[in-house]
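# Just need the structure, nothing else, for what follows:
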Amino acid sequence: MSGTGDTGDTGDTGGGNGNDTGSGSGSGNGNGDDGRPAAGAPVWGGGAESLREPADGQLRRTLGFRDLVVYGLLFIAPMAPVGVYGTLDAKSHGAVALVYVVATVAMAFTAFSYAQMVRVAPQAGSVFNYARKGLGEGPGFIAGWMAMLDYLLIPAVAYLFAGIAMEALVPSVDRWVWTSIAVVVTTLLNLWGVRAAARVGMAVLALEIVVLLVFIVAAIVVLAQDGATRGWSTPFTSDRGFSLTAVIGAVSVAVLSYLGFDAIASFAEEVTGGSRKVARAVLFCLVLAGVLFIAQTYLVALLEPVGSARLAADPAAQGTAFYDAVDSAVGTWLHDLVASSKAIGAAFAALAGQAAAGRLLFAMG
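Now for the predicted structure:
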């Protein structure tokens, strides 16, 4: 986009003047008497426009579409189904891939809603901002603190999970040491700046994607050589009698794997190019996560050495079902690789949540 602004974004806040293209804002001309942006007026556009010093009370616009997707996928985690695969397989009667198909479609309604709302209210704060503008100050206050609770508890659990996972890989170091290291490193990255954190996050996300691709390739090779332990269609149709009720029950758990893509909307005031880019990132992140979830659960279900009925009868085995399938079909080396990726990914999921919490507090003022 050029530094002169974008007339297409004037409709995003519903109050723009179609002739005021020079301001790039959707609320009047956005300029003070001296021709400079008025305090609080958004600075749209990329290039030199995005490098302008932000006015008081504004955030610097430094993030692009890729950065938004990185933050969203970091918070979600590309291999989020690993921990809940066994539970979903048992609950859905083996139709675990179908569960994620339905969950992706269900979450698409939420993603589409966020994409629409971020165009109307392109400010930091996400659901707090939307509820405040649509329903009033009271509902906005409640929605904001509910979202804050989400952004506080999820990173806390993610840090703890990272510590537990690393202790399992390196038993000589206590989990609280690993947890403390994760907290310090990610906090320092967020203090360093959103752009720097996004770059490091991109490297971590690339590592997670590579590990996922290694799993996919290894699974395909094993399936091509040895065949599947279940019917090829059973991850979509069930291995012990299809039950719509069972699938819907499992979907209620599977949607938790998508937690985090909504945090993208919290960065609306820091993206170059206007709110359309945020809306696209929300939708793209959800679709990509859905494809990754469906692919990995389909493959691991075909490698699973026991049926879903066996998992349902042994709840203790459900938490490690993904790793057990990998161990039996591929080897412990892939188990350790996936576990390491999950440990690092959990810490950086907390980084994304921590950043989103900061933007929410900024918006709540």
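# Low-confidence ranges, the chain, go.
Counting by pLDDT under 70, the chain contains low-confidence ranges at 1-62, 125, 365.
# Please tell me I have it right and residue 247 contacts residue 95.
Yes: if you go by C-beta atoms under 8 Å, residue 247 and residue 95 touch, sitting 5.6 Å apart. In this view, the C-beta of every residue, glycine as well, is placed from N, C-alpha and C.
# Out of these two, name the residue with the larger neighbour count.
residue 95 (30 against 22; other C-beta atoms under 10 Å).
# if I look at that one, how far off is residue 308?
Between residue 95 and residue 308 the computed distance is 8 Å (C-beta to C-beta, to the nearest Å).
# shared neighbours of these two, which are they?
residue 238 (C-beta atoms under 8 Å, 6 or more residues apart in numbering).
# residues near residue 147, how many?
Around residue 147 there are 23 residues (other C-beta under 10 Å).
# Which of the helices or strands spans it?
helix 137-169 (DSSP states H and E).
# what secondary structure does the residue nearest to residue 234 when sequence neighbours are not counted sit in?
Nearest residue to residue 234 in three dimensions, chain neighbours excluded: residue 94, at 5.4 Å (C-beta to C-beta, 6 or more residues apart in numbering). Under the three-state scheme (DSSP: H, G, I helix; E, B strand; the rest coil), residue 94 adopts coil.
# Hmm, residue 94 is touching residue 242, no?
No: if you go by C-beta under 8 Å, residue 94 and residue 242 don't touch, sitting 9.1 Å apart.
# Between the two, which has more neighbouring residues?
When residue 94 and residue 242 are compared for neighbours, residue 94 comes out ahead with 29 against 16, by other C-beta under 10 Å.
# tell me which residues in stretch 236-249 are buried?
236, 238, 239, 242, 246, 247 (16 or more other C-beta atoms under 10 Å).
# roughly how far out does that stretch sit from the chain middle?
Distance of stretch 236-249 from the chain centroid (C-alpha atoms, centre = their mean, to the nearest Å) equals 27 Å.
# Now do the end-to-end distance for it.
15 Å (C-alpha to C-alpha, to the nearest Å).
# OK, contacts around the closest residue to residue 144 other than its chain neighbours?
Nearest non-adjacent residue to residue 144, counting by C-beta to C-beta, 6+ apart: residue 128, 3.2 Å away. Counting by C-beta under 8 Å, 6+ apart, residue 128 touches 140, 141, 143, 144, 147, 360, 363, 364.
# Any of the residues you listed buried? List them.
Looking at the contacts of residue 128 with 16+ other C-beta under 10 Å, the buried ones turn out to be 140, 143, 144, 147, 360, 363, 364.
# Name the residues that touch stretch 142-158?
75, 125-128, 130-132, 259-260, 263, 346-347, 349-351, 353-354, 356-357, 360-361, 363-364.
# Mind checking which of these are buried?
In the contacts of stretch 142-158, the ones that pass as buried (16+ other C-beta under 10 Å) are 75, 125-128, 130-132, 259-260, 263, 346-347, 349-351, 353-354, 356-357, 360, 363-364.
# Which ones among those residues map onto helices?
Using DSSP state H, the subset of those located in helices is 75, 127-128, 130-132, 346-347, 349-351, 353-354, 356-357, 360, 363-364.
# Residue 208 and residue 80 touch, don't they?
No: with contact defined as C-beta under 8 Å, residue 208 does not count as touching residue 80 (10.2 Å).
# Comparing these two, which residue is more hemmed in?
Neighbours per residue, other C-beta under 10 Å: of residue 208 and residue 80, the larger number sits with residue 80, 25 against 22.
# Which residues are in contact with that one?
By C-beta under 8 Å, 6+ apart, the contact set of residue 80 is 257, 258, 289, 293.
# Filter those down to the ones in helices?
289, 293.
# Just the buried subset of the contacts of residue 80, please.
257, 258, 289, 293.
# quick one, what contacts the third one?
When you say that, I think you mean residue 289. Residue 289 touches 72, 73, 76, 78, 80, 104, 257, 258, 261, counting by C-beta under 8 Å, 6+ apart.
# The first one is in contact with residue 259, isn't it?
No: taking C-beta under 8 Å as the contact criterion, residue 72 and residue 259 are not neighbours in contact, 10.8 Å apart.
# Phi, psi for residue 271 please.
Main-chain torsions, residue 271, degrees, to the nearest 10: phi -100, psi 140.
# count of neighbours near the residue nearest to it when sequence neighbours are not counted?
With C-beta to C-beta, 6+ apart as the criterion, residue 271 has its nearest non-adjacent residue at 4.7 Å, and that residue is residue 63. Neighbours of residue 63 under the rule other C-beta under 10 Å: 26.
# My guess is residue 63 contacts residue 269. True?
No: counting by C-beta under 8 Å, residue 63 stays clear of residue 269, with 9.7 Å between them.
# Which helix or strand contains the nearest residue to residue 65 once chain neighbours are set aside?
If the residues on either side of it in the chain are set aside, residue 65 comes closest to residue 277, at 5.2 Å by C-beta to C-beta, 6+ apart. Secondary structure from DSSP H and E places residue 277 in helix 275-303.
# Tell me the helix or strand right after that helix.
The helix or strand immediately downstream of helix 275-303 is helix 308-313, counting by DSSP H and E.
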